[in-house]
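Peer 1: take a look and give me a structure for this.
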Amino acid sequence: MPNWGGGAKCGACEKTVYHAEEIQCNGRSFHKTCFHCSELVACRKALDSTTVAAHESEIYCKVCYGRRYGPKGIGYGQGAGCLSTDTGEHLGLQFQQSPKPARSVTTSNPSKFTAKFGESEKCPRCGKSVYAAEKVMGGGKPWHKTCFRCAICGKSLESTNVTDKDGELYCKVCYAKNFGPTGIGFGGLTQQVEKKE
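Peer 2: Numbering: from 1, shown residues only. This is a model prediction of the structure:
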């Protein structure tokens with residue numbers, strides 16, 4: 001039979017839905033007053049686009065949808081930090097005991113910080129942990145900002161004046177004096193020049 005100017009049929013009450021009162025969900029139209037949770041026993045909450053969850057031809061609030069079609073068992077709550085012991089028996093669902101995961105046994109007893117964030121890198125100069133806020137890379141190793149100094153003169157180093165040798169850091173001046181070329185013409189005399197009288 002043709003539809004003579006009326007709207008679509010409501011998915012809940014099967015009456016005509018006109019555009020002014022229409023809510024569409026899952027390809028079907030509903031009256032605003034009929035758009036509520038299909039869980040007849042306990043809920044019947046009014047729904048909107050943020051709280052609706054559809055399953056086949058039924059619409060539910062997210063809580064009832066989770067109870068009916070979500071994972072079951074102790075520990076499957078409806079929110080963060082929630083322990084749910086709802087088995088769904090009032091909905092006619094069967095409770096299934098989920099197996100408990102085996103805990104891993106470790107022989108060492110690391111600190112809580114190490115277990116959470118992992119082992120931090122050690123500074124070659126002082127041997128203490130180097131964290132991201134104080135980390136400076138030099139010679140391929142992490143250093144504290146305060147330890148990032150010349151091993152000879154103690155001058156604070158930067159990326160423009162740092163050199164490394166055998167795992168130690170040096171400023172360019174100290175490196176040139178101690179490890180650079182030597183002899184006449186290189187800033188340091190190694191031969192004594194005899195004075196003529």
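Peer 1: would you list every one of the helices in this protein?
Peer 2: Using DSSP state H, the helices of the chain run over 62-69, 112-117, 172-179.
Peer 1: next one: residue 181 from residue 8, what distance?
Peer 2: Relative to residue 8, residue 181 is positioned 91 Å away (Cβ to Cβ, to the nearest Å). Glycine gets a C-beta too; all of them are placed from N, C-alpha and C.
Peer 1: picking that back up, now the helices of the chain as CSV including mean neighbour count?
Peer 2: Below are these laid out as CSV (neighbours: other Cβ atoms under 10 Å):
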stretch, mean neighbour count
helix 62-69, 19
helix 112-117, 10
helix 172-179, 15
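Peer 1: can I get the ones you listed in a markdown table with distance to residue 164 and mean pLDDT?
Peer 2: Listed next are the helices of the chain as a markdown table, based on distance: least, Cβ to Cβ, whole Å; pLDDT from 0 to 100:
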| stretch | distance to residue 164 | mean pLDDT |
| --- | --- | --- |
| helix 62-69 | 58 | 81 |
| helix 112-117 | 28 | 53 |
| helix 172-179 | 9 | 87 |
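Peer 1: in CSV: those, plus distance to residue 159.
Peer 2: CSV is the format used below for those (distance: least, Cβ to Cβ, whole Å):
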stretch, distance to residue 159
helix 62-69, 54
helix 112-117, 27
helix 172-179, 12
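Peer 1: tell me which of those helices sits nearest to residue 39.
Peer 2: helix 62-69 (4.2 Å; Cβ to Cβ).
Peer 1: which secondary structure elements does that closest one sit against?
Peer 2: If you count contacts as 3 or more Cβ pairs under 8 Å, 6 or more residues apart in numbering; DSSP states H and E, helix 62-69 packs onto strand 52-55.
Peer 1: can we see that at 10 Å?
Peer 2: In this structure, helix 62-69 makes packing contacts with strand 52-55, strand 58-61, judged by 3 or more Cβ pairs under 10 Å, 6 or more residues apart in numbering; DSSP states H and E.
Peer 1: would you reformat the ones you listed as JSON lines and include mean pLDDT?
Peer 2: Below are these laid out as JSON lines (pLDDT from 0 to 100):
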{"stretch": "strand 52-55", "mean pLDDT": "83"}
{"stretch": "strand 58-61", "mean pLDDT": "85"}
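Peer 1: so which of those strands is nearest residue 37?
Peer 2: It is, among the helices and strands packed on helix 62-69 and with distance given as Cβ to Cβ, strand 58-61, at 4.4 Å.
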